[in-house]
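Undergrad: Provided below are the primary sequence and the corresponding predicted coordinates.
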Amino acid sequence: MEPRIIPRKEHRISRKQISPNALRTLYRLHSRGFIAYLVGGCVRDLLMGRTPKDFDIATNATPSQIRRLFRNCRLIGRRFRLAHLHFQGEILEVSTFRGVALPADDVEMEEADHTKRVFHRIKDKDGMVVRDNVFGTPEEDALCRDFTINALAYNIADFSVIDYSTGLSDLQQGLIRPIGDPYVRFTEDPVRMLRAVRFAASHNLIIEPVTWEILCQLSSTISRVPPARIYEEIQKVFLLGSAGPSFNLLDKSGLLGTLFPGLSRWMYQNNDHPALLRANLEYLDQLHHNGKTPSPALFLAVLFGPSLEEEVIASHRDGIPREQALNATYTVFMKEICTTVSVPGRVGKQLLAILALQPSLRRLPPRHPSSIAAKPEFPDALAYFHLHPGTRRRHRTSPEWWDTFLLENPSIISSEPATEEVPRPPKRRRKRRRRHRNSAQTIA
């Protein structure tokens with residue numbers, strides 16, 4: 001398929017919309033004789049009239065050549081080597097064009113080629129790619145991407161947009177469509193299913209019907225992805241302003257039940273639970289739209305807090321002290337969730353602190369409110385208190401009491417956290433005393 005080239009006068013991308021650091025990088029690569037494109041999501045967003053979160057660059061320069069061109073370059077990655085260019089307040093990702101892996105017999109024949117295709121695309125027995133470090137052409141690189149709308153490139157040489165697939169038409173129709181066979185693409189990398197959900201939710205697009213059917217069919221395979229990688233993707237799904245729509249798609253597709261089986265079961269035990277969770281997630285989205293990034297701990301509290309608190313209340317009714325019940329419930333929760341999503345221990349402890357603060361927030365009058373408000377988890381704990389339905393019915397205090405208290409005592413919330421350690425002064429290194437030769441002879 002011949003790539004479609006859209007000249008400057010026929011598209012809306014202007015260099016004024018592009019990061020100055022990205023432009024300088026593109027120009028330097030181009031002036032040294034290399035191909036240099038803006039690629040991926042930034043081109044998609046510019047064509048949609050959105051402001052890109054970051055700018056990615058692809059080139060035929062190898063990682064070592066990129067490092068020689070830019071003193072601010074650091075090479076990262078094992079699965080595929082990438083160059084990070086560090087500017088003040090911005091990091092640009094520059095990658096070498098990826099290619100299609102060659103059969104083993106063809107590797108030696110290609111040694112003389114400038115692409116140096118010396119690594120293979122290695123798959124496991126189920127077809128999931130576990131290593132992909134092959135250099136190739138611009139077209140091969142575009143076709144290695146996940147969705148057609150991400151296979152668009154902006155050429156700094158003539159300011160044209162290059163469409164290697166059906167990305168432009170799919171973008172105009174509002175469709176999410178993988179490049180190639182959806183079954184193969186989702187099997188190669190099941191995380192693409194989460195990305196499809198995120199793009200559809202955040203860009204108000206529709207997952208193409210055949211693609212959606214296959215995504216639902218393969219939803220259980222998301223469990224094959226390393227839990228640490230799932231945690232990274234889940235944060236993007238829920239913390240970038242489209243948590244509510246993403247949650248609906250995760251639920252309908254079956255991905256939610258695979259990732260969070262306990263939450264999925266709890267949600268349908270009571271008719272009020274789905275509406276509760278969706279209202280909480282809408283609050284996360286509102287925070288993002290107001291320019292405030294929710295913390296991972298608050299996201300976990302919003303999503304799992306109501307179900308965890310129900311378990312704690314049930315254990316407490318059976319005679320177990322609340323603190324002991326909360327710790328036991330938290331331990332079981334972390335053990336279960338970390339089989340699919342690797343939640344860092346630090347974030348888990350923050351979640352525990354948010355839930356542990358709830359009785360103190362609900363008590364009227366609160367004991368030592370200044371000390372409570374000085375805790376580092378207090379802002380997230382208060383946000384959760386605002387969201388939790390039923391607290392106003394079951395307890396005498398209300399979130400508004402704390403809002404008034406903070407207005408009357410504005411310095412408390414900004415004071416140093418009560419748990420912050422005082423930094424120790426640096427240790428001075430003692431100089432080693434020299435022994436003079438005369439002294440040594442005298443001793444002898």
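TA: Perfect, I can see it now.

Undergrad: can you list the domains in the chain?
TA: Following automatic domain parsing, one finds the domains of the chain at 4-173, 229-413.

Undergrad: Figure out which of the ones you listed is closest to residue 198.
TA: Of all these, domain 229-413 sits nearest to residue 198, with 5.0 Å by CB to CB. C-betas here are computed from N, CA, C, even on glycine.

Undergrad: tell me the mean pLDDT for the closest one?
TA: Per-residue pLDDT values across domain 229-413 average out to 89.

Undergrad: Just give me how far it sits from the chain centre.
TA: Averaging C-alpha positions (CA atoms, centre = their mean, to the nearest Å) puts domain 229-413 19 Å from its chain's average.

Undergrad: quick one: buried residues of the lengthiest helix in the chain?
TA: Ranked by residue count under DSSP state H, the longest helix found in the chain is helix 296-317. The neighbour-count check on helix 296-317 (16 or more other CB atoms under 10 Å) flags 296-309, 311-312, 315 as buried.

Undergrad: Contacts for that helix, please.
TA: For helix 296-317, contacts defined as CB atoms under 8 Å, 6 or more residues apart in numbering pick out 235, 238-239, 243, 260, 262-263, 266, 273, 276-277, 280-281, 283-284, 294, 322, 325-326, 328-330, 333, 337, 343, 347-348, 350-351, 353-355, 358, 377, 380, 383-384, 387-388.

Undergrad: Could the C-alpha coordinates of it be exported in PDB?
TA: Presented in PDB, the C-alpha positions along helix 296-317 are these (Å, rounded to 0.1, in the frame of the first residue of the first chain):
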ATOM      1  CA  PRO A 296      -2.400   7.000  42.500                       C
ATOM      2  CA  ALA A 297      -3.400   6.400  46.200                       C
ATOM      3  CA  LEU A 298      -6.600   8.500  45.800                       C
ATOM      4  CA  PHE A 299      -7.400   6.600  42.600                       C
ATOM      5  CA  LEU A 300      -7.100   3.300  44.500                       C
ATOM      6  CA  ALA A 301      -9.200   4.700  47.400                       C
ATOM      7  CA  VAL A 302     -11.900   5.900  45.000                       C
ATOM      8  CA  LEU A 303     -12.100   2.600  43.200                       C
ATOM      9  CA  PHE A 304     -11.600   0.100  46.000                       C
ATOM     10  CA  GLY A 305     -12.300   2.100  49.200                       C
ATOM     11  CA  PRO A 306     -16.000   1.500  49.400                       C
ATOM     12  CA  SER A 307     -15.700  -2.300  49.100                       C
ATOM     13  CA  LEU A 308     -12.800  -2.400  51.500                       C
ATOM     14  CA  GLU A 309     -14.700  -0.400  54.100                       C
ATOM     15  CA  GLU A 310     -17.700  -2.700  53.800                       C
ATOM     16  CA  GLU A 311     -15.400  -5.600  54.700                       C
ATOM     17  CA  VAL A 312     -13.900  -3.700  57.600                       C
ATOM     18  CA  ILE A 313     -17.400  -2.800  59.000                       C
ATOM     19  CA  ALA A 314     -18.500  -6.500  58.700                       C
ATOM     20  CA  SER A 315     -15.400  -7.700  60.600                       C
ATOM     21  CA  HIS A 316     -15.800  -5.000  63.200                       C
ATOM     22  CA  ARG A 317     -19.400  -6.200  63.800                       C
END
